[in-house]
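> structure for this input, please:
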Amino acid sequence: MSEMTRSRRPGHPPVDIAWRLRNWVWYWTIKQATGHSDDGLDALYLPGNPEGGRKRFFQRLRSLGSDPTLPRSDLDGDSVAQRVHRSDGAHLLQQAEEYLKSHLWVMLTDPLLRLEDHRQFISSIISKRGWYRAGAEDRRIVGAFLLTDPMFGYPEGVGSVYSAMLTHLETHPSADHVALLAALFREAIVEVQLSEAQLLRTSLLTCVHSWAHSLGMPALQHRLLVHLVEQRLVHGWWFTPDLNLKAYGSQRRYVQAMLKAHTATPVSGMTDSCATRPIVLLSPRVAWIDAHRDILEPVANKLFGPDAIGGWRPGDSDKYGLRDNDSEAWPAYLTKLMEEENAWHDHADWASKAIKPPPQDMRYCLPVEPGSQDDRYGYDRPFPYLADGQLDTPKRRTKRLASEPGWKWGDPAPPLDASKDDKT
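Prediction:
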């Protein structure tokens, strides 16, 4: 797919929210470059309406994310974007054109990009900027003659060279630099270079926050840009809300609902990472959750879920907008936040007193016998829990320190307040 095109129907804004976001980024950069109102931009770049009315293209672009790259009959087949960038070579207008053409939008709309696609983009940016990254074709020469030079990736001092790369990209935020850091992050993840991946993730989020701030977009669009980069390019989660245009009565209300639905979702699609959760045996605590889920879930949702006391919901006031633009409403908003925080703590205190889970029991780890973790291969991980619930040690003891658990899966689940159950 070309970086400037997408599948579309004439007269309709892009289906994927990221294409609309691209158009908003372009619009707000044009606004910064020219200082004109929507009417002024229409007058500058669009022909007059024979009936004397306004074209209102830039107003629709601001509201709906209308596509400025679509050909128009009143521009003799040109697009508004072509007309804008043909007319003036000002730096900010050139920057807007670069943002519009950036590979970032392909990355944000195509979940099927492969490692090879990311590497091709990395190579293209390096070539375009006149930069260099050591490749396989140079490694033999480097190994023979330049073995201690960290500029070519060798260990001593390479961390500082890598840091220079990250700092440069962070301090010169742009669409292409966000895309480059994201591509480098995906490459590091696939290659299982986790230390570099962590550095790149932090650098990517720093860069996108700085870039979003520089664009001067409204808070919700700013939040969407950061949200999509983290959701799709870091976590690889491609959420699309199921909203029906007809249900909203107008395209403007539909687009606003899409914006709010996207920014209201968790970045990763979950509250934390599945990768950190071990596989264990079925235990009294698992049975307790299953048996009392209808009671536990509503309580937990008021603390940490979509119904959390004091949590943000679509339609709520934007705190940054209130702080910066409505000094009269700001104190009342702060008071409301404090009241909600107190209510949250009251609910948490009640839950901890009224509901007590079964005791923790490490005997429900997958069973391991003493000395099973062979350290001959340099395992860099903690000693495991053994079948008796105690940690293994370098001494590799053989005696069991605790009896086998008496509770078996299929036995009655512990009660909601397990502290009252003498059997557990």
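
> just checking, what packs against the helix or strand containing Asp117?
Secondary structure from DSSP states H and E places Asp117 in helix 115-129. In terms of contacts (3 or more Cβ pairs under 8 Å, 6 or more residues apart in numbering; DSSP states H and E), helix 115-129 is packed against helix 175-190. (C-beta placed from N, C-alpha, C; glycine too.)

> angle of the helix it packs on against helix 115-129?
If you take axes from the mean of the first three to the mean of the last three Cα atoms, to 10 degrees, helix 175-190 sits at 140 degrees to helix 115-129.

> quick one on the thing from earlier: other residues contacting the next helix or strand after the helix holding Asp117?
Counting by DSSP H and E, the next helix or strand C-terminal to helix 115-129 is helix 136-145. Identification of contacts with helix 136-145 by Cβ atoms under 8 Å, 6 or more residues apart in numbering yields 134, 149, 152, 154.

> can we see that at 6 Å?
Helix 136-145 is contacted by residues Phe152 when judged by Cβ atoms under 6 Å, 6 or more residues apart in numbering.

> pull out the buried residues from the helix holding Asp117.
117-118, 121-122, 125 (16 or more other Cβ atoms under 10 Å).

> quick check, distance from the longest helix along the chain to the centre of its chain.
The longest helix of the chain (DSSP state H) is helix 329-354. Computed by Cα atoms, centre = their mean, to the nearest Å, the chain-centroid distance of helix 329-354 equals 28 Å.

> and it, what does it pack against?
helix 293-304, helix 319-325 (3 or more Cβ pairs under 6 Å, 6 or more residues apart in numbering; DSSP states H and E).

> ranking helices and strands of this structure by mean pLDDT, which lands last?
helix 319-325 (a mean of 61; mean pLDDT, DSSP states H and E).

> do you know the pLDDT at the closest residue to Thr265 other than its chain neighbours?
Closest residue in space to Thr265, ignoring its immediate chain neighbours: Phe239 at 5.3 Å, by Cβ to Cβ, 6 or more residues apart in numbering. Note on Phe239: pLDDT of 84.

> neighbours around Phe239, how many?
Neighbour count of Phe239, defined by other Cβ atoms under 10 Å: 17.

> point out where the chain drops to low pLDDT.
Judged by pLDDT under 70, the chain has its weakly predicted residues at 1-15, 49-54, 87-89, 269-274, 311-326, 374-379, 396, 418-424.

> for the residue most central in space within it, what are its contacts?
Using Cα atoms, centre = their mean, the residue of the chain that lies closest to the mean C-alpha position is Glu230, 1.7 Å off. Counting by Cβ under 6 Å, 6+ apart, Glu230 touches Val267.

> cool, the one 3 residues further on as well?
Contacts for Leu233 (Cβ under 6 Å, 6+ apart) come out as Ala182.

> hang on, it is in a helix, isn't it?
Yes: counting by DSSP: H, G, I helix; E, B strand; the rest coil, Leu233 is located in a helix.

> relative to Lys395, how far out is it?
Distance of Leu233 to Lys395, given as Cβ to Cβ, to the nearest Å: 47 Å.

> Asp361 now?
For Asp361, the distance to Lys395 (Cβ to Cβ) stands at 24 Å.

> more neighbours: those two, which one.
Neighbour count, other Cβ under 10 Å: between Asp361 and Lys395, Asp361 has more, with 16 against 8.

> what's the closest non-adjacent residue to Glu97?
His85 (4.7 Å).

> residue contacts, Glu152?
Let me fix one detail, which is that residue 152 is Phe and not Glu. Under the criterion of Cβ under 6 Å, 6+ apart, the neighbours of Phe152 are 134, 142, 146.
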